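> below is the sequence, then the predicted model.
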Amino acid sequence: MDDVQQQERFDALVADDQRIEPRDWMPEGYRKTLIRQIAQHAHSEIIGMQPEGNWISQAPSLRRKAILMAKVQDEAGHGLYLYSAAETLGIDRSELLDMLHTGRQKYSSIFNYPTLSWADMGSIGWLVDGAAIVNQVPICRCSYGPYARAMVRICKEESFHQRQGFEILHHLSHGTPEQHAMAQESVNRWWWPSLMMFGPPDDASPNSAQSMAWGIKRHSNDELRQRFVDMTVPQAQVLGLTLPDPELELDEETGHYRFGEIDWTEFMEVIKGNGPCNAERIERRVGAHDDGAWVREAAMAYADKQATRSQGAVA
Ligand code: FAQ
């Protein structure tokens, strides 16, 4: 097939909601967009382990500690599936990590905020994982097979994470007045950054139109943000907590909640590297990578030895 026929076949597969697989021909822009998005997603999972990891040793009970450790381990697993999905596009994991470590690839803005209280474990689960689910469930139908398949398992685990966060906040909110205040203070800090996770507004989102045409994104940033607000407001009522937005109000005609203006200047500063914890997160990530050098070397030495052995067996 020549290039024109390849492009036609690709367009037909996408139009028909079929999957593109690693060995299929794909436009270079499609490949690059997927590498950018999947890598950013993988980096988010790995960096996202830090804000919660900080609280494992301070969890208030053995049960809470075990749950939090399992959650953070799940995030490592999500990162690994996603790096593997990105590698099917012809890029090496070490290159992706290098781009993260040198600031050439992004990770989610949300992980540049500090975790100041135990209630933040609840807010991260309820709001951050809640937003992640709303954003990620449609990616299970992404046109690129390996990304879509990785997303199915990730979403199942995220849904457990969201419930554990809700349960922490429910417990605190219905506990002592001090615990209730801690939960409320935490939700107040995480609400607006959670809305920013969906990305810039549609009229300022350079990648959305093309990504939607390619079936990588299924909904626009603003559509998903609205879906999250509509889903979360009633849950806040069940929790007995308020959301820090005086303009939040149900529009009886549309059935959607109206909400106040997001501080996009803050968002831009955070993604440029000037958020409260950007420097700390990257420093710690690079440190962990450097500390793990011996594991990579040992794995390579073992792989070389196995290869030599199996060559000997063949000879
Ligand atoms: N943070 O044109 P768009 C998790 C960048 S969940 C940082 O709209 P696009 C689970 C964007 O990359 C979090 N940067 O871009 C967890 C682009 O810059 P570039 C991860 C952002 O790609 C929970 C520029 O702005 N989830 O980790 C953000 O079409 C709890 C223009 O934006 C995913 O990554 C942001 N929030 O749409 C773990 C989901 N928003 O790359 C631990 C998959 C935008 O051109 C604990 N990703 N930018 O230099 C997506 O759905 C999309 O990539 C969007 C952005 C919606 C994030």
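On my side now, so go ahead. Residues are numbered from 1 along each chain as shown.
> what about stretch 160-178, near the ligand?
No. Stretch 160-178 stays clear of the ligand (Cβ under 6 Å from any ligand atom), getting no nearer than 6.6 Å. The C-beta positions use only the backbone N, C-alpha and C, and glycine is treated the same way.
> what helices or strands is the helix or strand where residue 73 lies leaning on?
Assigning secondary structure by DSSP states H and E places residue 73 in helix 62-87. Counting contacts by 3 or more Cβ pairs under 8 Å, 6 or more residues apart in numbering; DSSP states H and E, helix 62-87 is packed against helix 28-47, helix 49-53, helix 93-101, helix 145-173.
> what about the spatially closest residue to residue 108 that is not a sequence neighbour, distance to residue 82?
Distances taken as Cβ to Cβ, 6 or more residues apart in numbering put residue 44 closest to residue 108, at 4.0 Å, once the chain neighbours are dropped. Distance, residue 44 to residue 82, by Cβ to Cβ, to the nearest Å: 9 Å.
> show me which of those two is the more surrounded one.
Between residue 44 and residue 82, counted using other Cβ atoms under 10 Å, the more crowded position is residue 82 (26 against 22).
> OK, contacts around the closest residue to that one other than its chain neighbours?
Of all residues not flanking residue 82 in the chain, residue 42 sits nearest, at 3.6 Å (Cβ to Cβ, 6+ apart). For residue 42, the contact set (Cβ atoms under 8 Å, 6 or more residues apart in numbering) comprises 78-79, 82-83, 86, 96.
> picking that back up, of all the helices and strands packed on helix 62-87, which lies closest to residue 116?
Smallest distance to residue 116 across the helices and strands packed on helix 62-87 (Cβ to Cβ): 10.0 Å, for helix 49-53.
> list the neighbours of the closest one that are in contact with it.
Contacts of helix 49-53 (Cβ under 8 Å, 6+ apart): 68, 71-72, 75-76, 79, 111, 113-115, 120-121, 124, 277, 281, 284-285.
> which residue is the nearest non-sequential neighbour of whichever residue of the stretch 1-150 of the chain sits closest to the ligand?
Relative to the ligand, the nearest point of the stretch 1-150 of the chain is residue 48 (2.7 Å; Cβ to the nearest ligand atom). Distance criterion Cβ to Cβ, 6+ apart; nearest residue to residue 48, sequence neighbours excluded, is residue 111 at 5.0 Å.
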